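Peer 1: Predicted model, plus sequence, below.
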Amino acid sequence: MYLYNVTLILEDAAAEEWLQWMQDIHIPEVMATGLFVSNRLLKVVDSPNEGVTYCAQYVAETLEQYNKYQEEFAPALQAELNERYKNRFVAYRSLMEFVG
């Protein structure tokens, strides 16, 4: 199993709108690909960064499913995020494997 983590640091002024968009539109679109078995959205409470920090996490059963998401779906979904919130966020993406 693999955890795809997207950490976003948003400007304070964009955070509330972004959160609503994530919950209503973006996360359902990601889950609709059928390539992840679960997801969660977390707010970082002790972030050293200015702004508001969130982590969107998605669990894939196989590396192949994650790779398919990255190849077929991620570019368009990330482009939509970039267009809606241009210059109002920074994102860091990582892939982790469950070991226990």
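Peer 2: Looks like it arrived, so ask away.

Peer 1: from here on, contacts and neighbour counts on C-alpha atoms
Peer 2: Fine.

Peer 1: Could you pull out the helices in this protein for me?
Peer 2: Along the chain, counting by DSSP state H, helices occupy 12-21, 27-32, 63-72, 74-84.

Peer 1: can you list contacts of the longest one?
Peer 2: Around helix 74-84, the neighbours that count as contacts under C-alpha atoms under 8 Å, 6 or more residues apart in numbering are 26, 30.

Peer 1: ok, 6 Å please
Peer 2: Around helix 74-84, nothing counts as a contact under C-alpha atoms under 6 Å, 6 or more residues apart in numbering.

Peer 1: Now residue 35. Nearest residue, chain neighbours left out?
Peer 2: The shortest distance from residue 35 to any non-neighbouring residue, by C-alpha to C-alpha, 6 or more residues apart in numbering, is to residue 65 (5.4 Å).

Peer 1: ok, now residue 53?
Peer 2: Nearest residue to residue 53, sequence neighbours excluded (C-alpha to C-alpha, 6+ apart): residue 9, at 4.4 Å.

Peer 1: who are the neighbours in contact with the one you found?
Peer 2: Going by C-alpha under 6 Å, 6+ apart, residue 9 touches 52-53, 89-90.

Peer 1: gap between the spatially closest residue to residue 59 that is not a sequence neighbour and residue 65?
Peer 2: Counting by C-alpha to C-alpha, 6+ apart, residue 3 is the residue found nearest to residue 59 once chain neighbours are left out, at 4.6 Å. If you measure residue 3 against residue 65 using C-alpha to C-alpha, to the nearest Å, the figure is 11 Å.

Peer 1: So between those two, which is more surrounded?
Peer 2: Shown here are residue 3 and residue 65; by other C-alpha atoms under 10 Å, residue 3 has more neighbours (21 against 17).
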